[in-house]
Each structure stands twice: as structure tokens, then as C-alpha cells.
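# generate a structure from the sequence data that follows.
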Amino acid sequence: MNVRLTLLAAARNSSSRLHERFDDDRPLDAGGWAEAERALPALAPLAAADLRYCSPSPRARETGRVLGLAPLAQVALRDCDMGRWRGRTLEQVMAVEPRAVDGWLADPYSAPHGGESLMAFIQRVGGWLETRPADGTLLLAVAEPSVIRAALVYALKAPPSAYWRIDVMPLSTVSLMGQPGRWNLHLDGWV
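Sure, this is the predicted structure:
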């Protein structure tokens with residue numbers, strides 16, 4: 001039997017994409033909280049999931065709480081470990097380590113920040129995906145956009161460079177249907 005896993009991007013915790021930080025542990029800001037409350041009617045069907053998970057970040061947990069989902073935090077769904085770049089913006093890191101950033105963007109096995117490489121991150125998220133029940137269960141995971149991008153790259157067996165080509169907006173959803181080792185992308189239409 002197949003499983004359906006809906007991935008829900010956590011609400012925003014920054015009013016601007018320019019202020020997004022690596023491995024950000026900040027909670028929802030007022031705007032993100034209000035957006036999640038406004039989205040509640042459209043996202044209410046997600047509460048029917050048999051199993052509900054989330055990234056352990058405050059942002060993902062609070063999104064689940066606002067939406068009344070009561071998800072279980074999963075360590076494997078944490079954001080990529082960005083080592084010494086944690087909490088800094090890309091702009092800040094580029095100002096002091098431009099070569100390191102270029103190497104990190106070009107080589108998925110590179111971890112110049114001392115944390116996790118892109119490939120290690122994709123494999124960690126993929127390992128979690130492969131251990132989901134495959135018995136017709138409806139699953140939900142509220143996660144950071146980076147985690148959703150990693151799950152999609154893994155599930156579709158796309159090259160790691162595809163990670164940089166996937167945009168995940170706050171409170172957007174996408175589903176994977178199938179079973180461990182064989183996943184299909186299903187674009188959701190809640191509206």
C-alpha cells in the first residue's frame with residue numbers, strides 16, 4: 001500500500017527574505033502567527049492526518065500549534081547544521097567568507113562552515129522519509145523550507161543541485177505519495 005505524506009512549510013519568522021538566517025531557531029513573528037491563523041480554514045483538512053510530525057524548531061512547532069495539529073517533533077527533520085554560520089544571513093557570511101560560500105554552493109559534499117554538507121542533510125531527511133509507515137497512512141510534517149527541499153530532492157532522486165532550484169513559501173504544501181524507495185510528487189490544491 002501507499003502512504004501520503006503532506007509537507008507543510010512552517011509560517012514565517014521574519015518579515016523579509018533578506019533577514020532569513022542559517023539554521024534559524026527564532027519563533028514565529030507576529031506576521032507569521034497572523035498568516036497561520038488566516039490560513040487555518042484552508043489548512044484544516046490536514047488535521048485528518050493519522051500521524052503528524054514537525055521539525056523541532058520553534059517556528060515549525062508554533063505553526064503546528066496555531067493550526068491545531070499537535071505534531072510530534074522529529075530530530076531528523078531539523079534544519080541543516082550550518083556550523084559557525086548558524087544564525088547569520090547569507091549576506092553576512094558572503095562579506096567575510098565569499099570563497100567558502102562559493103564552494104559550499106558548488107559542491108554538495110562541502111561543509112566549509114564546519115556543520116553538515118548538503119548531501120549529508122539530504123540523506124538525513126531521506127533516511128527519515130524511508131522509515132515512514134507504508135500502510136495507507138496519511139502523514140503530515142510541518143517543516144522548515146530547507147527540510148522540504150531536501151525531502152523533494154531525495155524522493156525524486158534529483159541531483160543535489162536541484163535543491164537550489166526549489167522555492168518553498170511559508171504555509172505552502174506539497175505531498176509525496178508512494179512507499180519507501182518509490183515516491184511520486186503530488187501537487188496539492190487547497191484553494
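# what about the spatially most central residue of the chain, is that helix, strand or coil?
The centre of the chain sits closest to V147, judged by CA atoms, centre = their mean, with a distance of 2.7 Å. State at V147, reduced to three classes by DSSP: H, G, I helix; E, B strand; the rest coil: helix.
# likewise for the one 10 residues further on?
Three-state secondary structure (criterion: three-state DSSP) places K157 in coil.
# which ones are touching the residue nearest to the centre of the chain?
By CB atoms under 8 Å, 6 or more residues apart in numbering, the residues touching V147 are L7, S55, L77, R78, D79, V125, A141. Glycine gets a C-beta too; all of them are placed from N, C-alpha and C.
# may I see those organised as TSV, with secondary structure, distance to I166 and pLDDT added?
Formatted as TSV, these follow (DSSP: H, G, I helix; E, B strand; the rest coil; distance: CB to CB, whole Å; pLDDT from 0 to 100):
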residue	secondary structure	distance to I166	pLDDT
L7	strand	11	97
S55	coil	17	97
L77	helix	17	98
R78	coil	19	96
D79	coil	15	94
V125	helix	13	98
A141	strand	16	98
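# want to try JSON lines for those, with neighbour count as columns?
As requested, these are exported to JSON lines (neighbours: other CB atoms under 10 Å):
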{"residue": "L7", "neighbour count": "26"}
{"residue": "S55", "neighbour count": "27"}
{"residue": "L77", "neighbour count": "26"}
{"residue": "R78", "neighbour count": "22"}
{"residue": "D79", "neighbour count": "23"}
{"residue": "V125", "neighbour count": "28"}
{"residue": "A141", "neighbour count": "28"}
